[in-house]
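Student: Need a 3D model of the sequence below.
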Amino acid sequence: MCNLVPSVRALQQARPDIKITWVIGQAEYNLLAGLEGVTFRVYDKKTGIAGMRALRRQLLEERQGRPFEVLLHMQAALRASILSRFIPAKRRIGFDKARAKDWQGFFVSEHLLPHPNSHVGEGFLDFVRYLGAEPQQRQWSIPLPSEAEKEAAAWVSGKQPYLLLSPCSSNRARNWRNWSAEGYAQMIDHAWQAYGLNTVITGGNSPMEQQMVADIQALCAAPVINAVGKTSLKALLVLIRDAQLVVAPDSGPIHMAVAMGTPPLGLYVTSNPLRTGPWLPAEQLQSWIVNCYPAAVRQFLKREPEQVGWGQRVRDPAAIDLIRVEEVIMRLDHIMSAARATTAFEELKQ
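Tutor: Coordinates of the predicted model:
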């Protein structure tokens, strides 16, 4: 969801008078609430068709029966497509054929121009380009209320540096992304011994995530702050903003780190980081993440990366074993060395 915010900002820059209504899920709303110039309307997928009808009635009432000028269908999923038909609009714009998954093409009247082998964030910006605006520098500026600042401050002391670890991705069928507790523990101990970094572990409140943090704590000698299932999304953004770096598999906290300007050490093996990884310049992407995806494609799909689809996943739990502790530590060292060099340079200027 963070990757979509720069498209909103680009539209606002191109058309300062634009009025944007964003139909959004509850969790996503909790993350982005307060975004300037945006009216949010929350749809709970548990309400099904009844909820879609209620949303339509609400929108028509608010707009006195007038349809929206343009609907940007930016989520290529069947439920989102069905929901889009309950939103009154004169124009309905969706992805091009290659990116219009789950029959999205049948639910829209206009299609983006093809943009092969692009990052998902660039795919969202393609909607801005289609409307005739050229996006400038990417901007997020996600609001952080004072309550979130106070909540985050309760977890960390002001001057003690820390890394933020979000060890688990969402639990989806045949979608293996999570590294081992043993690997995380060795990385945590190195960060503590080499740089004096505390580790704040965050995540949801699922049994899988609770077990992961318990295993990590049992295996590492360094101090660990267990905030799993105990923070709001806004407070998580604050914790990410103030961390030295964020370590996580292919998951939301990696994109939140980019939005907050914090280095993301992403662990990628079963999904293509050039498509779904942190939205960074190529040099930083190569230096900051662990990218075992090409090796996984060769070993488990028996093909070269350029021979598979841009969004092809590796559906084998053994692929995660390709991530080596030594490479993760090397990326961490690189990020910390660059941070120290920047700090030293800033001190010289004072």
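
Student: Give me the helices and strands touching the one helix or strand L285 maps to, please.
Tutor: Element membership of L285 [criterion: DSSP states H and E] is helix 282-288. Contacting helix 282-288 under the criterion 3 or more C-beta pairs under 8 Å, 6 or more residues apart in numbering; DSSP states H and E are the following elements: strand 264-268, helix 325-349. Placement of C-beta: from N, CA and C, glycine included.

Student: so how far is the following helix or strand past it from its chain's centroid?
Tutor: Scanning forward in sequence from helix 282-288 by DSSP H and E, the next helix or strand is strand 290-291. The chain centre lies 16 Å from the centre of strand 290-291; the measure is C-alpha atoms, centre = their mean, to the nearest Å.

Student: What are the buried residues along the next helix or strand after strand 290-291?
Tutor: Next in sequence after strand 290-291, counting helices and strands by DSSP H and E, comes helix 293-296. Residues 293-294, 296 are the ones in helix 293-296 that count as buried (16 or more other C-beta atoms under 10 Å).

Student: Contacts for helix 293-296, please.
Tutor: Counting contacts by C-beta atoms under 8 Å, 6 or more residues apart in numbering, the residues outside helix 293-296 that touch it are 268-273, 305, 314, 316, 319, 322.

Student: Out of those residues, which sit inside strands?
Tutor: The members of the contacts of helix 293-296 that map onto strands under DSSP state E are Y268.

Student: mind putting the contacts of helix 293-296 in JSON lines, distance to W179 and neighbour count included?
Tutor: Shown next, in JSON lines, are the contacts of helix 293-296 (distance: C-beta to C-beta, whole Å; neighbours: other C-beta atoms under 10 Å):
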{"residue": "Y268", "distance to W179": "11", "neighbour count": "24"}
{"residue": "V269", "distance to W179": "9", "neighbour count": "26"}
{"residue": "T270", "distance to W179": "11", "neighbour count": "25"}
{"residue": "S271", "distance to W179": "14", "neighbour count": "21"}
{"residue": "N272", "distance to W179": "18", "neighbour count": "24"}
{"residue": "P273", "distance to W179": "15", "neighbour count": "23"}
{"residue": "P305", "distance to W179": "21", "neighbour count": "16"}
{"residue": "V314", "distance to W179": "15", "neighbour count": "24"}
{"residue": "D316", "distance to W179": "15", "neighbour count": "16"}
{"residue": "A319", "distance to W179": "11", "neighbour count": "22"}
{"residue": "L322", "distance to W179": "10", "neighbour count": "18"}
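
Student: can you redo the contacts of helix 293-296 as CSV with pLDDT and distance to M256?
Tutor: Output for the contacts of helix 293-296, formatted as CSV (pLDDT from 0 to 100; distance: C-beta to C-beta, whole Å):
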residue, pLDDT, distance to M256
Y268, 96, 16
V269, 96, 21
T270, 94, 21
S271, 94, 17
N272, 96, 20
P273, 96, 16
P305, 95, 27
V314, 94, 25
D316, 92, 28
A319, 94, 25
L322, 97, 25
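
Student: F95 is in contact with A76, isn't it?
Tutor: Yes: counting by C-beta atoms under 8 Å, A76 is a contact partner of F95 at 5.7 Å.

Student: Now do the shared contacts for those two.
Tutor: With C-beta under 8 Å, 6+ apart as the test, F95 and A76 both reach 101, 104.

Student: if I look at K159, how far off is N198?
Tutor: K159 is 11 Å from N198, where distance means C-beta to C-beta, to the nearest Å.

Student: Same drill for the two, tell me which one is more crowded.
Tutor: Comparing K159 with N198 by other C-beta atoms under 10 Å, the one with more neighbours is N198, at 20 against 5.

Student: need the contact list for the residue lying closest to V246 once chain neighbours are set aside.
Tutor: Nearest non-adjacent residue to V246, counting by C-beta to C-beta, 6 or more residues apart in numbering: A257, 4.0 Å away. Applying C-beta under 8 Å, 6+ apart, we find A257 in contact with 240, 243, 245-246, 248, 263-264, 278.

Student: what two of those are the furthest from one another?
Tutor: With C-beta to C-beta as the measure, no two of the contacts of A257 lie farther apart than A243 and P278, at 14.2 Å.

Student: quick one on the thing from earlier: JSON lines for the contacts of A257, including secondary structure?
Tutor: Below are the contacts of A257 laid out as JSON lines (DSSP: H, G, I helix; E, B strand; the rest coil):
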{"residue": "I240", "secondary structure": "helix"}
{"residue": "A243", "secondary structure": "coil"}
{"residue": "L245", "secondary structure": "coil"}
{"residue": "V246", "secondary structure": "strand"}
{"residue": "A248", "secondary structure": "strand"}
{"residue": "P263", "secondary structure": "coil"}
{"residue": "P264", "secondary structure": "strand"}
{"residue": "P278", "secondary structure": "coil"}
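
Student: What is the nearest of those to Y184?
Tutor: A248 (10.3 Å).

Student: Which residue ranges of the stretch 151-300 of the chain form strands?
Tutor: 162-165, 198-201, 224-226, 246-249, 264-268, 290-291 (DSSP state E, counting those that start in this stretch).
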